[in-house]
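> Sequence plus the predicted model coming up.
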Amino acid sequence: MKVFYKNDKTQRQLGFENSGGKLTATMYVQEEIKQDDKTKIVEKVAFSKTWEIAELYKLRTNSNNFTVKVYFNDTAFTKVIHIMPSRDNMKEYCKNMIVSENGGQSKGIAFSVFFNGPVDCCVVVNNFTVKQSAGIELVKSDNPDRSAFQYYPNFLNNMKRFKAKQELLAKLDCNDSLCGNEAQVDILTKIVKALVELNPDRTIREKVPELDAFFEAVDSTSVLTLKTTTKAIQDMKKQKENIRYAQQEYFQNK
């Protein structure tokens, strides 16, 4: 397994071991110890964790997401699925990003695992020195992410698709989409109600005895209580056109 890293003069160091389909990461820290009026720097293990590589692979949210980022705090590593938040779930994303498995605050990203397949992966470290470890080939680079992309060319294709999806989510507001769908449903309900009232046959009411209660509930909570039907149709058309335009760009760029 290749480990791409950048820094080589940090107080914290990472060590990795790749063996038997498992990835072990260890965080080392330097500590000052006084002996006989002298101070020396010793290195000790702060914490360590082992993951099944195949299990890490499953943490991806979908086939376009090829990265799992592992965060850390003072006592542990924490796994965070790498997703790009939309404007509407940014708060929840940030909350998940900084809270570790043991409830502590995260200090940042320890490393990222880039997957080329279920067991084929490499590790990218941007902020720590990396120790030589078993089953690991170290590759120092000024831009570890770019080096990983060059080593695994299909990462670039995945990144292109992932970036296109990020841009799509950034352009769309789920509240606008919800309002458009709600207006469409309310307008269609209004049409259905008119058709029912024009039909003197009461068979439909016998089959659906809750029909009048349904219409009453919709009428009292409809978006059409806030705007005219004409305005609702105009807004719905504009919102759906914006979505179609963004989706068209996404499919062209993915």
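Right, received. Where do you want to start? This is a predicted model, so every value here is computed, not measured. Residues are numbered from 1 along each chain as shown.

> Name the nearest residue to residue 171, ignoring sequence neighbours.
Closest residue to residue 171 apart from its sequence neighbours, by C-beta to C-beta, 6 or more residues apart in numbering: residue 246 at 4.6 Å. Heads up, the C-betas are built off the backbone N, CA and C, glycines and all.

> List of residues touching the stretch of helix or strand the one you found belongs to?
In the assignment (DSSP states H and E), residue 246 maps to helix 229-253. Helix 229-253 has contacts (C-beta atoms under 8 Å, 6 or more residues apart in numbering) with 160, 163-165, 167-168, 171-172, 176-177, 179-180, 183-184, 186-187, 190, 223-224, 227.

> can we see that at 10 Å?
By C-beta atoms under 10 Å, 6 or more residues apart in numbering, the residues outside helix 229-253 that reach it are 160-161, 163-173, 175-184, 186-187, 190-191, 222-224, 226-228.

> Give me the buried positions along it.
The neighbour-count check on helix 229-253 (16 or more other C-beta atoms under 10 Å) flags 232, 235, 236, 239, 240, 242, 243, 250 as buried.

> cool, stretch 189-201 as well?
Those would be 189, 190, 193, 196, for stretch 189-201 by 16+ other C-beta under 10 Å.

> now the helix or strand in which the last one is found against helix 229-253, angle please.
Secondary-structure element containing residue 196, defined by DSSP H and E: helix 174-198. Orientation of helix 174-198 against helix 229-253 (axes from the mean of the first three to the mean of the last three C-alpha atoms, to 10 degrees) gives an angle of 130 degrees.

> Helix 174-198 packs against which elements?
Helix 174-198 sits against helix 203-207, helix 211-221, helix 229-253, with contacts defined as 3 or more C-beta pairs under 10 Å, 6 or more residues apart in numbering; DSSP states H and E.

> rewinding a little: from the buried residues of helix 229-253, which single one is nearest residue 12?
Using C-beta to C-beta, residue 250 is the member of the buried residues of helix 229-253 that lies nearest residue 12, at 39.3 Å.

> Now distance to residue 41 and mean pLDDT too, for the helices and strands packed on helix 174-198, in JSON lines please.
Conversion of the helices and strands packed on helix 174-198 to JSON lines gives the following (distance: least, C-beta to C-beta, whole Å; pLDDT from 0 to 100):
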{"stretch": "helix 203-207", "distance to residue 41": "82", "mean pLDDT": "83"}
{"stretch": "helix 211-221", "distance to residue 41": "68", "mean pLDDT": "92"}
{"stretch": "helix 229-253", "distance to residue 41": "50", "mean pLDDT": "86"}
